[in-house]
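Colleague: Build me a model:
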Amino acid sequence: MPAAKPTRTTKPSLIQGLQRALQLDFFNDLFGSNEIKVDSRSTSPKPSNNATENTPPTRKRQILIQDQVLEYELRRSKRRSIGFLIADEGLRITAPRWVTLADIEQAIQEKQHWIISKLREKRELVNKRLQATMCWEDGARLPYLGTQLTLRITHQSRTAVVHDVEQNTLHISLRPDFHEQQLKDLVQNWLRQEAKRVFNQRMPVFAQRLGVSYHSMSLSSAGTRWGSCTSQGKIRLNWRLIHFSPEIIDYVVAHELSHLREMNHSPQFWATVESIYPEYEHAKRKLRQHSSADLPVF
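Modeller: Numbers count the residues shown, from 1 in each chain. Predicted coordinates for the structure are as follows:
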């Protein structure tokens, strides 16, 4: 009588575990995320000997998806998850050292529609940025509080900036031999002053609604965040928000102040935002429609 075959317990494959745990990681406060994080903590343990341990930290690789060759940058790290990020240079993947290349590329195949879509959006954004370059000259239009200011340049012996609210015009006096960067610096300094003025007006309004106090407010020039808040109550707001409508500014202010109650993006956090700014969803959508490509380059 032949020996009975041992019963074999089928374990889910690594990629199945990754797929089950797939989740979006909104790693920025306000920008629409271009990263997906695949949690691999509940999958197979890290092997003691694995060829990937000696893999260089960064490597360019290629894979065929949707009948086209996709190049991606693979980074190995000690993180416990696989991260997919659409950067300016293209697709970047960061994976634990012990996850095999076959499983990484299977994950790429599973997320190919998201990847192709986000790469297309990135290309369109770059093209839009190139086409929307502002001409710094008399008559140029400058976004300000959701409207368009007209720049009027006159030649004087001294520099000055005057805002004509009724005419929606920004009058700038410059010496006849001025350089373009001088004009940019004058406009940027004026916009930063306006941002500080508007933010300092709106911050106490929402702080009072929420019943919180903050330590300080300062301007930020961050390229990837519209605002930030520390547990000490130090709030930073991107001065470029002055380009957008007051409702968007109010949303960002309410968003950051709500972090003084909830230092996360949980349902409780969003309920807190809604309690002081019920229209936040509309403003949030409008902000996501904007990008750095819409803004003048200083």
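
Colleague: wait, what's in contact with residue 222?
Modeller: For residue 222, the contact set (C-beta atoms under 8 Å, 6 or more residues apart in numbering) comprises 228, 236, 238. In this view, the C-beta of every residue, glycine as well, is placed from N, C-alpha and C.

Colleague: Out of these, the closest to residue 143 would be?
Modeller: Relative to residue 143, the closest of the contacts of residue 222 is residue 238; by C-beta to C-beta it sits at 14.0 Å.

Colleague: State the distance from residue 196 to residue 190.
Modeller: 11 Å (C-beta to C-beta, to the nearest Å).

Colleague: more crowded one of these two?
Modeller: For residue 196 versus residue 190, the count of surrounding residues by other C-beta atoms under 10 Å is larger for residue 190: 19 against 16.

Colleague: dump the residue contacts of that one.
Modeller: Neighbouring residues of residue 190 by C-beta under 8 Å, 6+ apart: 161, 163, 170.

Colleague: What helix or strand is it located in?
Modeller: helix 180-210 (DSSP states H and E).

Colleague: gap between that helix and the chain center?
Modeller: Distance of helix 180-210 from the chain centroid (C-alpha atoms, centre = their mean, to the nearest Å) equals 21 Å.

Colleague: just checking, what packs against the helix or strand following it?
Modeller: Per DSSP H and E, helix 180-210 leads on to strand 216-220 as the next helix or strand towards the C-terminus. When contacts are defined as 3 or more C-beta pairs under 8 Å, 6 or more residues apart in numbering; DSSP states H and E, strand 216-220 sits against helix 180-210, strand 234-238.

Colleague: now the longest one: mean pLDDT?
Modeller: The average of the pLDDT scores along helix 180-210 is 96.

Colleague: Next: the shortest one.
Modeller: Averaged over strand 234-238, pLDDT sits at 96.

Colleague: Within its sheet, name the partner strands of that strand and how each one runs.
Modeller: Paired strands of strand 234-238, with direction, are strand 216-220 (parallel), strand 227-229 (antiparallel) (DSSP bridges).

Colleague: in the helix or strand residue 113 falls within, what counts as buried?
Modeller: Element membership for residue 113 (DSSP H and E) is helix 112-131. The neighbour-count check on helix 112-131 (16 or more other C-beta atoms under 10 Å) flags 115, 118, 122 as buried.

Colleague: Surely the last one is in contact with residue 86?
Modeller: Yes - at 5.5 Å, residue 122 and residue 86 qualify as touching, with contact defined as C-beta atoms under 8 Å.

Colleague: And the strands in the stretch 51-200 of the chain, which stretches?
Modeller: 58-65, 68-77, 81-87, 90-96, 141-144, 147-155, 160-164, 169-174 (DSSP state E, counting those that start in this stretch).

Colleague: and of those strands, who's closest to residue 279?
Modeller: Between residue 279 and the strands of the stretch 51-200 of the chain, the tightest spacing by C-beta to C-beta is seen for strand 147-155, at 19.5 Å.

Colleague: Put the alpha carbons of that closest one into PDB.
Modeller: This file holds the C-alpha atoms of strand 147-155, laid out as PDB (Å, rounded to 0.1, in the frame of the first residue of the first chain):
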ATOM      1  CA  THR A 147      -9.100  87.000  -9.700                       C
ATOM      2  CA  GLN A 148      -6.600  88.500 -12.100                       C
ATOM      3  CA  LEU A 149      -4.600  91.600 -11.300                       C
ATOM      4  CA  THR A 150      -3.300  93.600 -14.200                       C
ATOM      5  CA  LEU A 151       0.300  94.800 -13.900                       C
ATOM      6  CA  ARG A 152       1.000  98.400 -14.900                       C
ATOM      7  CA  ILE A 153       4.600  99.400 -15.100                       C
ATOM      8  CA  THR A 154       5.800 103.000 -15.100                       C
ATOM      9  CA  HIS A 155       9.400 104.300 -15.100                       C
END
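
Colleague: quick one, that strand and strand 169-174 angle?
Modeller: 30 degrees (axes from the mean of the first three to the mean of the last three C-alpha atoms, to 10 degrees).

Colleague: Figure out how far strand 147-155 is from the centre of its chain.
Modeller: The answer for strand 147-155 is 30 Å, by C-alpha atoms, centre = their mean.

Colleague: Next: stretch 144-161.
Modeller: With C-alpha atoms, centre = their mean, you get 30 Å for stretch 144-161.
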